[in-house]
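Enquirer: Provided below are the primary sequence and the corresponding predicted coordinates.
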Amino acid sequence: MSSDELTGASEKKGFSTRKAFIFAAIGSAVGLGNIWRFPYVAYEGGGGAFVIPYLVALLFAGIPLLFLDYAMGHRYRGSAPLAFRRVSRYGEWFGWWQVLITVVIGIYYPAIIAWAIRYTGFSIDKAWGDDPEKFLFGSFLQAAKTPGPTFDVVPGVLVPMIIVWTITLGVLAMGVQGGIGRTAVIFIPVLVIAFGALVVVALTLPGATTGLNALFTPEWGALGDPSVWVSAFGQIFFSLSVGFGIMITYASYVGRKTDLTGSGSVVAFSNSGFELFAGIGVFAVLGFLATNTGQPVGEVVADGIGLAFVAFPAILNEAPAGVLLGLLFFGSLVVAGLTSLISVVEVGISAIRDKTGVGRVAGTMILGLPMAVVSCVLLGTTGGVFVLDTMDNFINSFGILFVAALSMLALAWVWKRLPGLAEHVNAHSSIKLLGWWRWLVALVVPAVLLVMLVLELRKNLAEPYEGYPAELLGVFGWGIVIAIPFLAMLLSLLPWQRGVDLEDPGSDQLDHADRTDEGSLR
Ligand code: PHE
């Protein structure tokens, strides 16, 4: 069947092809987590031996949850709040909770993309000089002496942030197919080519094999360490963007007869494939650094900001073809980051549109402009990097784990929706959801999430994250994660637009209005 036949003509305004949907979902999944998080997590988690916890987490938690998100969005045909509202009056709360989490992510994520834009330019003349770390926190970010928010604008960060926001809101205003789908269909191949070229160049560097050996040599003992398992699950959840309402939103825009599990498997394996690919590229480069400086690889590994903006520039200073490597690496970060950011902001836009009935452009601006302002004010200043680090740590641990576990338990045990969702998915899907899927979603995954939550709580209560001051952690860490469920509750109490159908559309959805990108509810 051609992909075009998979969507009814009446749904032109959602994703018009299955390909656009799959690319958009891959665009969301493949992000900074693949490039700068996975290689480190895999290395720390036992290298070659990490394959085992990683695959277990992927097959037994990531993919089943991805299917759940798809099933929710597709069966209940709505943004996260509307989909959950159609399950139960009390469910709407979970939907807004997820929306608010994506709003917080959407506030700090653009800053990283903005840095990567600047560093793409810096690669040309290696503007960071001999001490990339000093350059990053000093002349570039101008990080304040004491960690905390400030109002001292850093134009070198603020200006690219404004550019990132303009692109993102522009794409979103153009709609699901015309904006999100089209961008993904162009950007994902570009990303694969750019990163592929990076890997090829990286593998030719002297010392590349040393890096690969360090990454892939199995450390079987790591399998006995529970924290390795926890980090495998954490990596999978974050990397696949499951539990954030993103996949619910995207799945609500695909045609009725779409093969959901087949599409989901493509997305999941593409994401993991890219992760492996990134691991090879990053460790080949780290191997070069280690060889060059005469240190073991273990001394030079880093992740996140330290990898991208400190270790990488140091490598580019020495590497043959450094300029090319720099352009490819930072350019890839920009592209991967943008498609993820787009998916993050769409969650809220879609929710506001469902709730109030405003059009696409209005919905984009009502949410996007205030978000952009807050984002620029908080992150485009000398305190930005601390705010970013704090928000990122808290939102990605407690924020997400709690709502994901609660919503799954409620769907399974209180509202008993798993059999219905499975049946819905199975009607048109290649991989059938059988009893095992229900047990994973109802029991195994929530249990894992709750264990992770407890471990994170203990860690953060034992000592303040990064030793940051209590006010910073109190407001941008604990404050936000505690406020979100309450705010979500308030939002769920606000009235729906007139005429919206809050009933279960039914599995065949024959007499239910199609969800399109123009008035999603008729
Ligand atoms: N999945 C994205 C990544 O791998 C990150 C992300 C998580 C984006 C959650 C949006 C929401 O980087």
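Expert: On my side now, so go ahead.

Enquirer: can we go C-alpha only for contacts and neighbour counts from here?
Expert: Fine.

Enquirer: L141 and E133: what is the separation?
Expert: Counting by CA to CA, to the nearest Å, the gap from L141 to E133 is 11 Å.

Enquirer: go on, Y250?
Expert: Taking CA to CA as the measure, Y250 falls 39 Å from E133.

Enquirer: that older thread, neighbour count: L141 and E133, which is higher?
Expert: L141 (22 against 17; other CA atoms under 10 Å).

Enquirer: got a pLDDT number for that one?
Expert: In this model, L141 is scored at 93, pLDDT.

Enquirer: pretty sure it is touching F386, no?
Expert: No. L141 is not in contact with F386 according to CA atoms under 8 Å; the separation is 10.7 Å.

Enquirer: show the low-confidence segments of the chain, by residue range.
Expert: Low-confidence segments of the chain (pLDDT under 70): 1-13, 508-522.

Enquirer: and it, which residues reach the ligand?
Expert: 28-34, 238-241, 340, 344 (CA under 6 Å from any ligand atom).

Enquirer: show me which pair in these is furthest apart.
Expert: Comparing all pairs in the residues of the chain next to the ligand by CA to CA, the longest separation belongs to N34 and V344, at 16.2 Å.

Enquirer: packing partners for the helix or strand hosting V103?
Expert: Taking DSSP states H and E as the definition, one finds V103 inside helix 92-125. Of the remaining helices and strands, those touching helix 92-125 by 3 or more CA pairs under 8 Å, 6 or more residues apart in numbering; DSSP states H and E are helix 80-87, helix 155-173, helix 322-356, helix 360-379, helix 384-394, helix 400-409, helix 480-493.

Enquirer: after it, next one along is what?
Expert: Past helix 92-125, further along toward the C-terminus, the next helix or strand under DSSP H and E is helix 132-135.

Enquirer: then that next one to CSV, C-alphas only?
Expert: Output for helix 132-135, consisting of C-alpha atoms alone and laid out as CSV, is shown next (Å, rounded to 0.1, in the frame of the first residue of the first chain):
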residue,chain,number,x,y,z
PRO,A,132,37.6,26.2,25.4
GLU,A,133,36.2,25.8,28.9
LYS,A,134,37.3,29.3,29.9
PHE,A,135,35.9,30.6,26.6
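
Enquirer: for the nearest residue to P469 once chain neighbours are set aside, helix, strand, or coil?
Expert: In space, and not counting its chain neighbours, P469 is closest to P147: 7.0 Å by CA to CA, 6 or more residues apart in numbering. Three-state call for P147 (DSSP: H, G, I helix; E, B strand; the rest coil): coil.

Enquirer: wait, what's in contact with the residue in the stretch 201-350 of the chain that the ligand sits nearest to?
Expert: The stretch 201-350 of the chain approaches the ligand most closely through S239 (3.6 Å), counting by CA to the nearest ligand atom. For S239, the contact set (CA atoms under 8 Å, 6 or more residues apart in numbering) comprises A29, V30, G31, G33, N34, N271.

Enquirer: 7 Å instead, please
Expert: Residues touching S239, when contacts are defined by CA atoms under 7 Å, 6 or more residues apart in numbering, comprise A29, V30, G33, N34.

Enquirer: sorry, back to before: list the buried ones in the helix holding V103?
Expert: Along helix 92-125, these residues count as buried under the neighbour rule (16 or more other CA atoms under 10 Å): 92-123.
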